[in-house]
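K.L.:
Test case, fold it:
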Amino acid sequence: MQVASEMAAPDNNKEYGYCMGRKVDTGALEGYRYYLSLRTVLEMLNDRGYDIPSSQLSRSLAEFRSIFGDKPDIERLRFDFPLRSKPSKKMLVLFLGTDEVKTQTVRHIFGQILNRENIQGLMLILQSKMTPIAKKEVKKFPFKVEIFQITDLLVNITKHILQPKHEILTAAEKHILLKKYMLEDEQLPRMLENDAIARYYGLEKGQLVKLTYSDGFADSLETYRCIQ
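P.N.:
Residues are numbered from 1 along each chain as shown. From the prediction side, this is the model:
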């Protein structure tokens, strides 16, 4: 029948059966992962008070690929950014390869940055596991080292519609709040140091965070969390 012939399988040479992702992004998936994770890192550091150029925060995927290619060299994805309040203090960001991170790799990184001035923190972006011994080696660094898996950075969790607004209180602001309500740290609601939000902002034990919830229909709700 004529109807049957019209419903026959399409010619294999035609572009049928491709997922929508292929229509949207025809480049290498590897480059796309780097683009998304780097964008989240830049937003993260910007929210922490580091001086991130607006051109980097607004960089498109096409611009990223024109600079780094479809399969970026991780050595070119090495950045350091200064604090806006104290430009002499910098955060160094390193992307590591797909091999398991062992002690030798950590020691190599340590040797590379040991004599670098102004580095106050290091952020390692992993694509594989880090051995337990290597993790112990990281603790020997003279400053805080933060470790993230690249898959954890593909989306900026703070931009989720259900996430409240987070404001980090200074030590003075925390003191005033506790004195006002006659509270001690342990009497406040807690947020663990390894919580995803706490890690995003680089929070440490003892710091206080103000959370503001607003759904657009009712008055906003404010609460606090002490990092434990």
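K.L.:
In three-state terms, label the spatially most central residue of the chain for me.
P.N.:
Centroid-nearest residue in the chain, with CA atoms, centre = their mean: Val41, separated by 4.0 Å. Three-state call for Val41 (DSSP: H, G, I helix; E, B strand; the rest coil): helix.
K.L.:
Compute the number of surrounding residues for Thr103.
P.N.:
For Thr103, the neighbour count with other CB atoms under 10 Å is 16. For every residue, glycine as well, the C-beta is placed using N, CA and C.
K.L.:
Now it. Its backbone dihedrals?
P.N.:
phi -60, psi -40 (degrees, to the nearest 10).
K.L.:
Listing request: residues of this structure with sub-threshold pLDDT.
P.N.:
1-27, 216-219 (pLDDT under 70).
K.L.:
Who are the contact partners of the residue nearest to the centre of the chain?
P.N.:
Taking CB atoms under 8 Å, 6 or more residues apart in numbering, we find Val41 in contact with Val93, Met123, Ile125, Phe148, Leu153.
K.L.:
In strands, which of those fall?
P.N.:
When strands are assigned by DSSP state E, the members of the contacts of Val41 inside them are Val93, Met123, Ile125, Phe148.
K.L.:
farthest-separated two in these?
P.N.:
By the measure CB to CB, Val93 and Phe148 form the most distant pair in those, at 9.8 Å.
K.L.:
Quick check: neighbours shared by these two?
P.N.:
In contact with both Val93 and Phe148: Val41, Met123, Ile125, using CB under 8 Å, 6+ apart.
K.L.:
ok, back up a step: save the ones in strands among the contacts of Val41 as TSV, and put in neighbour count and distance to Lys179 too.
P.N.:
As requested, those are exported to TSV (neighbours: other CB atoms under 10 Å; distance: CB to CB, whole Å):
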residue	neighbour count	distance to Lys179
Val93	23	38
Met123	21	35
Ile125	22	40
Phe148	18	36
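K.L.:
Tabulate these in TSV, adding columns for distance to Thr170.
P.N.:
Converted to TSV, the ones in strands among the contacts of Val41 look like this (distance: CB to CB, whole Å):
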residue	distance to Thr170
Val93	25
Met123	23
Ile125	29
Phe148	26
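K.L.:
With distance to Ser220 added, can I get the contacts of Val41 in TSV?
P.N.:
Converted to TSV, the contacts of Val41 look like this (distance: CB to CB, whole Å):
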residue	distance to Ser220
Val93	34
Met123	32
Ile125	34
Phe148	31
Leu153	29
